[in-house]
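# below: sequence and its predicted model.
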Amino acid sequence: MRPEVFDVVIVGSGVGGSSVALQLAGTGASVLVLERGPELPREPQNWDPESLFCERRYHTTETWYADGRPFRPGMFYFVGGHTKVFGTAMFRFRERDFDEVQHEEGTSPAWPITYATLEPWYAEAERLFGVHGRAGIDPTEPSRSSAFPQPPVPHEPLLERIEHRLREQGLRPFPMPSTVDFGVHGRCQRCSNCDAFPCMIDAKGDAEIKLLRPALRGGNVELRPGACVHRLLTDRSGRRIVGVEVEQHGVVRIVGAGLVVVSAGAINSAALLLRSANNQNPRGLANSSDAVGRHYMTHNTSALMALHPWRVNATRFPKTLAVHDFYFGDGDAGKPLGSLQLLGKIREPMLRGRLPWIPRMARKALADRSVDWYAQSEDLPHRDSRITLRPDGAINLHWHRSNLAAHRRWVQKCKQILRRTGYPLVLSAPFGTDVVSHQCGTVRFGNDPATSALDPLCKAWDHDNLYVVDASFFPSSAAVNPALTVAAQALRVGHHLRHEVRQ
């Protein structure tokens with residue numbers, strides 16, 4: 001059988017891959033998007049917390065290892081990637097996040113590009129995703145060339161009161177930027193099944209809906225779900241990628257490629273490059289610097305439940321409020337602490353794994369009375385925090401945790417803040433190794449080929465036609481959700497590639 005050849009092969013259909021595909025739509029170049037997962041089915045279980053959190057219906061069943069300990073990672077392989085279940089948060093990185101920043105336990109390195117480089121692409125990403133928000137309130141807000149495309153999603157009554165109590169403390173809470181189809185003619189029903197749930201009515205602004213479907217309408221972009229890429233193949237020089245080994249429906253074949261964009265997520269992108277080692281690239285592709293798989297980050301995060309024994313929380317869509325007053329430090333130590341934002345509403349099945357010894361009715365009573373928050377701090381890059389492959393090919397994750405003292409201090413400060421809003425009891429629980437939703441840093445970009453895998457446009461230093469465009473390019477994690485920054489850089493890279501594929 002004669003092998004197929006495409007001008008561009010994109011591995012992964014999440015925010016990075018779909019943003020590049022959208023930029024290449026209508027160019028005349030033949031573009032193939034390979035996604036290892038299927039389209040996520042629209043079914044009643046989409047909104048069933050028992051199915052999602054107890055049965056883990058949509059999680060991958062593969063086994064990863066954390067320093068030899070087997071675990072089932074919180075990975076979701078579907079068309080649209082992790083955005084099919086993300087919490088809709090769409091933050092820009094702060095301007096200082098692109099500079100070197102001193103933390104309590106180390107340094108967050110500077111990026112090879114500035115905020116100004118990405119600003120127009122942030123604006124374009126917000127437009128494509130229809131982000132709701134309001135400028136001029138967030139005390140750390142970076143400069144903007146345009147307003148948010150949509151007004152903020154309004155608070156429900158209880159959250160409106162909490163915002164008032166936060167302002168009474170001298171804080172400056174602001175509307176959380178969010179991508180939902182909310183408004184007079186929007187699909188959003190303002191339900192409680194958003195954060196960590198697939199949207200059964202396509203009201204969530206995920207990568208499939210906002211990027212990939214429009215790209216497929218361009219006529220030159222093709223999607224193949226259920227197509228798992230095993231490795232990339234090079235020519236004899238080792239400089240050019242000439243093919244992609246892909247398995248679909250149990251059949252392994254080679255797809256030829258003029259240019260390859262890897263956007264499989266920070267962990268799987270690094271694993272793919274390592275798995276593609278050959279005689280010319282014995283440490284893996286794009287890895288002459290030995291940077292691939294290193295500097296893994298995923299944020300230090302904790303869930304907080306603010307509880308009042310007599311006050312039931314009837315809020316359905318809570319992701320409307322955030323606090324950044326201590327993002328770059330407090331009056332005590334002066335070092336960055338992090339962000340505080342509302343979490344999706346916790347329900348009893350979500351507590352079952354953490355609190356199995358508590359009777360179900362008691363767990364339900366806790367969930368019904370809680371206002372749920374997400375405290376997030378920067379995870380600093382460390383060379384030995386890395387992704388490797390075991391002899392059997394499975395992924396091993398060694399996460400060298402960093403900046404934990406600052407995170408613990410931030411959680412304690414958050415508890416004080418929340419108690420002052422009228423909730424006398426605040427419980428907290430950190431997220432562990434198996435939560436990999438903000439994974440980044442494993443194929444970092446930079447200005448020096450000796451210390452980075454990619455150049456500032458995410459092209460591999462070692463190869464003429466290989467780009468890696470997902471959060472793996474991040475040199476630092478900042479302390480906000482990564483999706484919008486991935487989209488902005490991917491749109492920038494895709495714009496560059498439009499000219500490459502036309503030559």
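Yep, it's here.

# all helices for the stretch 251-400 of the chain, in order.
266-275, 348-352, 360-369 (DSSP state H, counting those that start in this stretch).

# so which of these comes closest to residue 329?
helix 266-275 (27.4 Å; CB to CB). (C-beta placed from N, C-alpha, C; glycine too.)

# alpha carbons only: can I get the closest one in CSV?
The C-alpha trace of helix 266-275 is given here as CSV (Å, rounded to 0.1, in the frame of the first residue of the first chain):
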residue,chain,number,x,y,z
ALA,A,266,3.5,17.9,28.2
ILE,A,267,3.9,14.3,29.5
ASN,A,268,2.9,12.4,26.4
SER,A,269,4.8,14.8,24.0
ALA,A,270,8.0,14.2,26.0
ALA,A,271,7.3,10.5,26.1
LEU,A,272,6.8,10.4,22.3
LEU,A,273,10.1,12.3,21.6
LEU,A,274,11.9,9.9,23.9
ARG,A,275,10.3,6.9,22.4
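
# ok, back up a step: of the helices of the stretch 251-400 of the chain, which stretch is the most buried?
The highest average neighbour count among the helices of the stretch 251-400 of the chain, using mean count of other CB atoms under 10 Å, belongs to helix 266-275 at a mean of 26.

# and for that helix, what's in contact with it?
Residues outside helix 266-275 that contact it (CB atoms under 8 Å, 6 or more residues apart in numbering) are 11-12, 229-232, 262-264, 283-287, 292-293, 296, 387-389, 393, 395, 397, 436, 439-443, 453, 468, 470-472, 474.

# longest strand of this protein?
In the chain, assigned by DSSP state E, the strand with the most residues is strand 251-262.

# partner strands of it, parallel or antiparallel?
strand 4-11 (parallel), strand 241-248 (antiparallel), strand 466-468 (parallel) (DSSP bridges).

# helix/strand/coil for residue 212?
At residue 212 the chain is in helix, as set by DSSP: H, G, I helix; E, B strand; the rest coil.

# quick check, pLDDT for the closest residue to it other than its chain neighbours.
Leaving aside its sequence neighbours, residue 212 sits nearest to residue 18 (CB to CB, 6 or more residues apart in numbering; 4.2 Å). Residue 18 is assigned a predicted lDDT (pLDDT) of 98.

# residue 18 and residue 204, how far apart?
14 Å (CB to CB, to the nearest Å).

# which of these two has more neighbours?
residue 18 (35 against 28; other CB atoms under 10 Å).

# does that one touch residue 209 like I think?
No: under the criterion of CB atoms under 8 Å, residue 18 is not in contact with residue 209, lying 9.7 Å apart.

# mutual contacts of the two, please.
Residues touching both residue 18 and residue 209 by CB under 8 Å, 6+ apart: residue 80.

# the closest residue to residue 471 other than its chain neighbours: neighbour count?
Among residues not flanking residue 471 along the chain, residue 440 sits closest, at 3.7 Å (CB to CB, 6+ apart). For residue 440, the count of nearby residues is 29 (other CB under 10 Å).

# OK, contacts around residue 440?
If a contact means CB under 8 Å, 6+ apart, then residue 440 has 266, 296-298, 471-472, 474, 477, 482 as its contacts.

# mind checking which of those are buried?
Among the contacts of residue 440, those classed as buried by 16 or more other CB atoms under 10 Å are 266, 296-298, 471-472, 474, 477, 482.

# wait, which of the residues you listed is closest to residue 326?
residue 477 (17.1 Å).

# and residue 333, what pLDDT?
The per-residue pLDDT reported for residue 333 equals 57.

# actually residue 211, not the one I typed
pLDDT, residue 211: 98.

# okay, now it: neighbour count?
31.

# then residue 109?
Residue 109 has 17 neighbouring residues, counting by other CB under 10 Å.

# count of neighbours near the closest residue to it other than its chain neighbours?
Take residue 109 and drop its neighbours on the chain: the residue closest to it by CB to CB, 6+ apart is residue 475, 5.1 Å away. Residue 475 has 21 neighbouring residues, counting by other CB under 10 Å.

# which strands and helices lie in contact with the lengthiest helix in the chain?
Ordering each helix of the chain by length in residues (DSSP state H) puts helix 483-502 first. For helix 483-502, the packing partners by 3 or more CB pairs under 8 Å, 6 or more residues apart in numbering; DSSP states H and E come out as strand 4-11, helix 15-24, helix 115-129, strand 251-262.

# just these: most buried one?
Note that of those, helix 15-24 is the most buried (mean count of other CB under 10 Å), with a mean of 31.

# residue contacts, residue 110?
Contacts here follow CB under 8 Å, 6+ apart; on that basis residue 110 touches 98-100, 475.

# dump the residue contacts of the residue lying closest to residue 351 once chain neighbours are set aside.
Nearest residue to residue 351 in three dimensions, chain neighbours excluded: residue 363, at 4.6 Å (CB to CB, 6+ apart). Shown in contact with residue 363 (CB under 8 Å, 6+ apart): 348, 351-352, 355.
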